[in-house]
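A.B. asks: Fold the following and give me the result.
(one chain, ligands or ions: 1)
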Amino acid sequence: MSKKQVCSVDEVAPGTSLRVELEGLPPLAVFNLDGSFYIINDTCSHGEASLCEGEIEDGQVECPWHNARFCIKSGKALTFPAVEPQRAYVTEVSDGMVFLVG
Ligand code: FES
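C.D. replies: Below you'll find the predicted structure:
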């Protein structure tokens, strides 16, 4: 199991997200929900929109293009037109840094 450093916790304020590109992975969206960090793929499963540009509400992110909503914790597609989930990654925080595990 590998562990990749994604960003520092200070870069993602509560209630916001950060788009991060790491070698060998699709663009990632890092979310801070009340101090807990979650990572899912940033590119919407319905099109090419960046979910980091979407609104965050009640643990969900709304795609800025066609308004599909996804669960930030699980990546599950909750509303049309998206039906495929976003890949969700195991996330770990230590020493002020956010890591992707897997
Ligand atoms: S690109 Fe996200 S809902 Fe269409």
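
A.B. asks: Would you map the strands across this structure?
C.D. replies: Along the chain, counting by DSSP state E, strands occupy 3-8, 17-20, 28-33, 36-41, 55-57, 60-62, 69-71, 88-94, 97-101.

A.B. asks: Of those, give the one that comes closest to P81.
C.D. replies: Closest to P81 of the strands of the chain is strand 69-71 (C-beta to C-beta; 10.8 Å). Every residue, glycine included, has its C-beta placed from N, CA and C.

A.B. asks: List the buried residues of the closest one.
C.D. replies: Burial within strand 69-71, assessed by neighbour count using 16 or more other C-beta atoms under 10 Å, is assigned to R69, F70, C71.

A.B. asks: thinking again about what came up before, export the strands of the chain as TSV, with columns for mean pLDDT.
C.D. replies: Below are these laid out as TSV (pLDDT from 0 to 100):
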stretch	mean pLDDT
strand 3-8	97
strand 17-20	98
strand 28-33	98
strand 36-41	98
strand 55-57	98
strand 60-62	98
strand 69-71	98
strand 88-94	98
strand 97-101	98
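
A.B. asks: Can you convert these into JSON lines and add a column each for distance to G47?
C.D. replies: As requested, the strands of the chain are exported to JSON lines (distance: least, C-beta to C-beta, whole Å):
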{"stretch": "strand 3-8", "distance to G47": "24"}
{"stretch": "strand 17-20", "distance to G47": "16"}
{"stretch": "strand 28-33", "distance to G47": "15"}
{"stretch": "strand 36-41", "distance to G47": "13"}
{"stretch": "strand 55-57", "distance to G47": "17"}
{"stretch": "strand 60-62", "distance to G47": "14"}
{"stretch": "strand 69-71", "distance to G47": "13"}
{"stretch": "strand 88-94", "distance to G47": "19"}
{"stretch": "strand 97-101", "distance to G47": "24"}
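
A.B. asks: Kindly present those as TSV, with separate columns for distance to the ligand.
C.D. replies: Conversion of the strands of the chain to TSV gives the following (distance: least, C-beta to the nearest ligand atom, whole Å):
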stretch	distance to the ligand
strand 3-8	22
strand 17-20	15
strand 28-33	12
strand 36-41	12
strand 55-57	12
strand 60-62	9
strand 69-71	9
strand 88-94	16
strand 97-101	22
